[in-house]
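Undergrad: My questions concern the predicted model and sequence given below.
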Amino acid sequence: MAQHEECPELSVERQRNIPNDVIARWQRLVDLMADLIGVPAGLIMRLVGADIQVLLSSDTAGNPYRAGMAAPVYGSGLYCEMVVRTNCKLLIPNALESEVWRENPDIELDMISYLGFPIRWPDGSSFGTICVLDNKENFYSATHVSLLEEFRDLVESHLQLVHAESLAQHHFQNATRLATDLKRQKELAEDACRVQSNFIAAASHDLRQPIHALNLFIGALLQVPMAAEGVCLVEQIEATTNSLDELFAALLDISRLNAGVVQAHCRPFRIGSILHRVCNDIAGDAAAKNLHLSYIPCKAIVNSDPLLIERILRNLLSNAVRYTDTGRIVVGCRYKPSHVSVQILDTGRGIPRHLQSRIFEDYYRVDNPGRDGDRGVGLGLSIVRRLTDLLECKLTLDSEPGRGSRFEVMIERTKYEVAARETSNDDRNTCPVSGLVVVIDDEQAIRTGMSRLLDTWGCQVIATASANEAIRLLSTCILRPALLICDFRLADGESGVDAINRLRVEYNYTIPAILITGDMGSEQEAKLPSIGRTTLLYKPVPNHKLKSAVRILIKDPEAAQLCPVASPSLKIET
Ligand code: ADP
C-alpha cells in the first residue's frame, strides 16, 4: 500500500456513524487478532466514497499501517480490493509466489501474505474488510481462519446495532419533525379558525342589522291593508326571516365557541331551579302540540356554569318537543356517586342507531320526509356538544326509531352544600335569580358594588362604563343578556336610554331593562313608554327593591310593561 496517503477529511468521515465505544472495542479486537494469529498487522478497512481506508490498525510491532491511510478501492490492486469485489474470503500464503499477486502494492510494505474477509452492513452492502497481513509466508491454520471469521461476525453484529440505532434515530427525527410540522399546521388552522370566528363575532352587529331592518319592515308591512293572499306571503317571509335569524344566532354561538372566547364560570347551584325554569318556558310549545311535559323535581346541588347548563338543557328540551309528535316528555335527574345525571326523555321519532353520532355534527339533520316544516338549522346539538365538552360533562344518547330518545348529561355534584343551600333558601323566599345582567354605569364604585350584589343573587354580570364597551364584551359571550341595568346619565353625554336602545338593536330583541336615575320626576319618566320593557328606579335604590325588580324582569320581561304573560301549565311530579 505504498501509494496510501493519510487523508484528514476522510478521517472524520471514517468515524461517522460508528460510536466511539464501538471503535474502542474494535481496536482491542484487531490488537487481539494480530496477537493471537502472530502477525505484524491486523486491520479493519472501511469503504469511504471511492476509497478504501484503514479504519483501525493493530498496535503491534512491525505494523506499517496507520489508521487513515487510504487508496482507491478499484484499480489499486490491493488484497482488500479483491475481497470487496468478490465479497469472499481471500487467503494468499505467499504473494511473491503468485503470478497474480506478485506486483500488488502491499509487497512494498513487505506484507507478502494475507487473510481477509468482507464485512457487510446489515442490508448486505459492503462496509469494508477485516484482515491480517504477515511479512513472511503464512498458510493460516483453520483455527486462525475460524478466529478471523468469528471476529468478522462480531464486527457485523456491532454494525447491526449501529444500523438499528441510526435507523431509530432517523425515525425519531422524522417523527419529531412531522410532529412539529403537524403542530404548526394545527396552530395555523386554529389561528385561521379563530380569526374567522373573531371576525364573525366582532361583525355580528353589522351582520345582524339587515335582519333587524327586515323584521321591522315586515312588522310595518303587516299593518298595511292587503288581500289575504298578500298577508299569507308576508307571514311566510316573516317565518323565513325568523329561521334566518335563528341560523344566524346559532352561527354566532358556534363562532364564539370555536374562537375559544366562551369561558365557563363554575359555581355550586341547584340544578332543580334551572330545570324548573326551562320546563316552564317550554311548557307552552309542548302544550301547543298536545304533549304531556312533566318534570320530576330534584334537590341536587351541582358544580358547573349554570348559564351554559341552562343553554344545553334548553336545546335538548326544545328538540324533544320539536321531534315528538304524540305522547310525553319527562325531565328528571338521577343521583350517581359523584355526579347527577340529568335526563330528558321523549316518546318521539327516535334516531336510527347509525345516525346517533352524526346528529352532533354541524348542520346534520336526520331526513324526515314530509316533515320539513319543523326542521331546525342543524346546529343545536353541535352547540350542545361544544358546551358539554367545555364543561367536561359527559353527554349520552339512547334512542330507538319510533319509540323515543333519552339524552343524558352528567354534571358533577358538589361538596359545597352549605353555600348552595344558603342560596336556595334565599331562592325559596323569593324566586331564583339567574341570567346575564349587563350593568352600565360610568362610576367604578357603583359598577363594583352592583356586580358583587348581583353575583350574590346568582346572576352573571358584565359591568361596563358605556354601551360601546358592553357591546365589545358581549361579543365574546355566548349568552344574550337577560337584563340591562343602566344609569340614566352616563359619561360623554351618553344617556342610559340610548345605551339600552343600542343593546336592544344589537340583539334584535327588547331586552328588559332597569333605568336608574337620581332626578325624580324629570323628563326621562316621560320618555320611558317610548323605550318599553323598562322599569325606572330612583337613587338610592334599596336592595330589596332592586332585587325584586331584577327578579320580576328576568322571570317575566313583559312585567315592566305591566302586561304579564300567562305561563302555560307544567306538570310537576312529586
Ligand atoms: P335541528 O336544528 O335540526 O334540531 P340539532 O342539531 O338540534 O338540529 O339536531 C340534529 C338532528 O338530530 C335533528 O335534525 C333531528 O333529526 C335529530 N334530533 C335531535 N333531537 C332529537 C330528538 N329528541 N328526537 C329525535 N330526533 C332528534
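TA: Right, received. Where do you want to start?
Undergrad: what domains does the record give for the protein?
TA: The chain is divided into the following domains under automatic domain parsing: 5-140, 168-260+429-574, 263-419.
Undergrad: just so I know, which of the ones you listed lies nearest Leu154?
TA: Using Cβ to Cβ as the measure, domain 5-140 is the one of the domains of the chain that comes nearest Leu154, at 6.8 Å. Placement of C-beta: from N, CA and C, glycine included.
Undergrad: can you point me to the longest helix in the chain?
TA: Ranked by residue count under DSSP state H, the longest helix found in the chain is helix 142-202.
Undergrad: gap between that helix and the chain center?
TA: Helix 142-202 sits 26 Å away from the centroid of its parent chain (Cα atoms, centre = their mean, to the nearest Å).
Undergrad: That one - what's its average pLDDT?
TA: Helix 142-202 shows a mean pLDDT of 87 in the predicted model.
Undergrad: give me the low-pLDDT residue ranges for the stretch 201-350 of the chain?
TA: 201-209, 212-213, 215-216 (pLDDT under 70).
Undergrad: so which residue of the stretch 401-550 of the chain comes closest to the ligand?
TA: The nearest approach of the stretch 401-550 of the chain to the ligand comes at Ser405, 4.2 Å away (Cβ to the nearest ligand atom).
Undergrad: Tell me how many other residues surround that residue.
TA: Neighbours of Ser405 under the rule other Cβ atoms under 10 Å: 25.
Undergrad: Correct me if wrong: it contacts Leu381.
TA: No - using Cβ atoms under 8 Å, Ser405 is not in contact with Leu381, being 11.3 Å away.
Undergrad: which SS class is Leu233?
TA: Put simply, Leu233 is helix when judged by DSSP: H, G, I helix; E, B strand; the rest coil.
Undergrad: all strands for the stretch 251-400 of the chain, in order.
TA: When secondary structure is read from DSSP state E, counting those that start in this stretch, the stretch 251-400 of the chain shows strands at 267-270, 292-295, 301-304, 328-335, 339-346, 395-400.
Undergrad: which stretch among those strands comes nearest Glu81?
TA: Of all the strands of the stretch 251-400 of the chain, strand 395-400 sits nearest to Glu81, with 73.8 Å by Cβ to Cβ.
Undergrad: helices or strands next to that closest one in the packing?
TA: helix 380-391, strand 404-412 (3 or more Cβ pairs under 8 Å, 6 or more residues apart in numbering; DSSP states H and E).
Undergrad: can I get those in a markdown table with distance to Asp253?
TA: Converted to a markdown table, the helices and strands packed on strand 395-400 look like this (distance: least, Cβ to Cβ, whole Å):
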| stretch | distance to Asp253 |
| --- | --- |
| helix 380-391 | 5 |
| strand 404-412 | 18 |
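Undergrad: could these be laid out in a markdown table, adding mean pLDDT?
TA: As requested, those are exported to a markdown table (pLDDT from 0 to 100):
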| stretch | mean pLDDT |
| --- | --- |
| helix 380-391 | 94 |
| strand 404-412 | 97 |
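Undergrad: export the strands of the stretch 251-400 of the chain to TSV and tack on mean neighbour count and distance to the ligand?
TA: Shown next, in TSV, are the strands of the stretch 251-400 of the chain (neighbours: other Cβ atoms under 10 Å; distance: least, Cβ to the nearest ligand atom, whole Å):
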stretch	mean neighbour count	distance to the ligand
strand 267-270	22	25
strand 292-295	19	13
strand 301-304	22	21
strand 328-335	19	9
strand 339-346	21	5
strand 395-400	16	7
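Undergrad: Now render those as a markdown table, adding distance to His158.
TA: Formatted as a markdown table, these follow (distance: least, Cβ to Cβ, whole Å):
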| stretch | distance to His158 |
| --- | --- |
| strand 267-270 | 65 |
| strand 292-295 | 76 |
| strand 301-304 | 61 |
| strand 328-335 | 65 |
| strand 339-346 | 58 |
| strand 395-400 | 57 |
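Undergrad: what residues are up against the residue in the chain that the ligand sits nearest to?
TA: Relative to the ligand, the nearest point of the chain is Gly376 (2.0 Å; Cβ to the nearest ligand atom). Contacts for Gly376 (Cβ atoms under 8 Å, 6 or more residues apart in numbering) come out as Glu246, Asn319, Arg322, Arg365.
Undergrad: Give the PyMOL command for selecting the buried subset of the residues you listed.
TA: Per 16 or more other Cβ atoms under 10 Å, the buried members of the contacts of Gly376 correspond to this PyMOL selection:
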select buried, resi 319+322+365
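Undergrad: Can you sort out which of the contacts of Gly376 also neighbour the ligand?
TA: Restricting these to those within reach of the ligand (Cβ under 6 Å from any ligand atom) leaves Asn319, Arg365.
Undergrad: In helices, which of the contacts of Gly376 appear?
TA: When helices are assigned by DSSP H, the members of those inside them are Glu246, Asn319, Arg322.
Undergrad: quick check, nearest of the residues you listed to Arg66?
TA: For the ones in helices among the contacts of Gly376, the nearest to Arg66 is Asn319 (85.0 Å; Cβ to Cβ).
Undergrad: For the stretch 401-550 of the chain, what lies in contact range of the ligand?
TA: By Cβ under 6 Å from any ligand atom, the part of the stretch 401-550 of the chain that sits against the ligand consists of Ser405.
Undergrad: Quick one: the strands in the stretch 401-550 of the chain, in order.
TA: In the stretch 401-550 of the chain, the strands defined using DSSP E, counting those that start in this stretch lie at 404-412, 436-440, 460-464, 483-487, 513-517, 534-538.
Undergrad: circling back to that earlier point, any idea which of the helices and strands packed on strand 395-400 gets closest to Ile440?
TA: Closest approach to Ile440 among these (Cβ to Cβ): helix 380-391, 27.4 Å.
Undergrad: which strands and helices sit next to that closest one?
TA: When contacts are defined as 3+ Cβ pairs under 8 Å, 6+ apart, helix 380-391 sits against helix 228-258, helix 306-322, strand 395-400.
Undergrad: Can you give me the buried ones in that helix?
TA: Neighbour-count burial for helix 380-391 flags Gly380, Leu381, Ser382, Ile383, Val384, Arg385, Arg386, Leu387, Thr388, Leu390, Leu391 (criterion: 16+ other Cβ under 10 Å).
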